[in-house]
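Engineer: Make a model of this:
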Amino acid sequence: MSGLFQCRDKNRGRFRLSRINGTEGSSPDLFQRTVKAAIITLIVSIILLVIWVFLSQIFGGFPQFQNLFAVLAGGIIFFTFAIRFSEGTIFKYGFIIGRAFFFIVFSVYATNGGVLTADLSEFHFMVEFVPILALIVVINLLEVAKGVLQIIEFTSEVPPD
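Structural biologist: Next comes the predicted model:
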């Protein structure tokens, strides 16, 4: 079997099949992983709710703020749960790479390619911050590279079948 479904065994320093696929002790471990991921995701959700309450008062005049924040919060919540749940498997690194690509696409879409415009009654302003957006994209591309290197490191430690 390939190294994709292997999990690090912290007790013995060896690798074995992930408990997700139904091997020994799957029910308690699966339940424990789910509860741990759910608790961490709940904490992140509460923090995002508090941030949303404060930011909605400040950015209430921007028409797309609620939709964009809902998409961002949904992505953060999904990837938080997925990464915590898949801890110890190669899928964790796939979710990390997916999260980086999500942030790249979201940043470019939410900022309209680095140009923000707003019309407030009699006032119109435009802010261009393409260099900052480029920095955000580069940082997330570095996270993708880090995830790829972590996948290579994870699979290289798996003993041959």
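Engineer: Averaged pLDDT, the stretch of helix or strand Phe54 belongs to. What do you get?
Structural biologist: Assigned by DSSP states H and E, Phe54 belongs to helix 26-58. In this model, helix 26-58 has an average pLDDT of 90.
Engineer: next one: that helix to chain centre, how far?
Structural biologist: For helix 26-58, the separation from the chain centroid amounts to 13 Å (computed by CA atoms, centre = their mean, to the nearest Å).
Engineer: Contacts made by stretch 116-125 with the rest, please.
Structural biologist: For stretch 116-125, the surrounding residues in contact (CB atoms under 8 Å, 6 or more residues apart in numbering) are Gly61, Phe62, Met126, Val127, Glu128, Phe129. Glycine gets a C-beta too; all of them are placed from N, C-alpha and C.
Engineer: Surely Ala100 touches Asn140?
Structural biologist: Yes: at 4.4 Å, Ala100 counts as touching Asn140 under the criterion of CB atoms under 8 Å.
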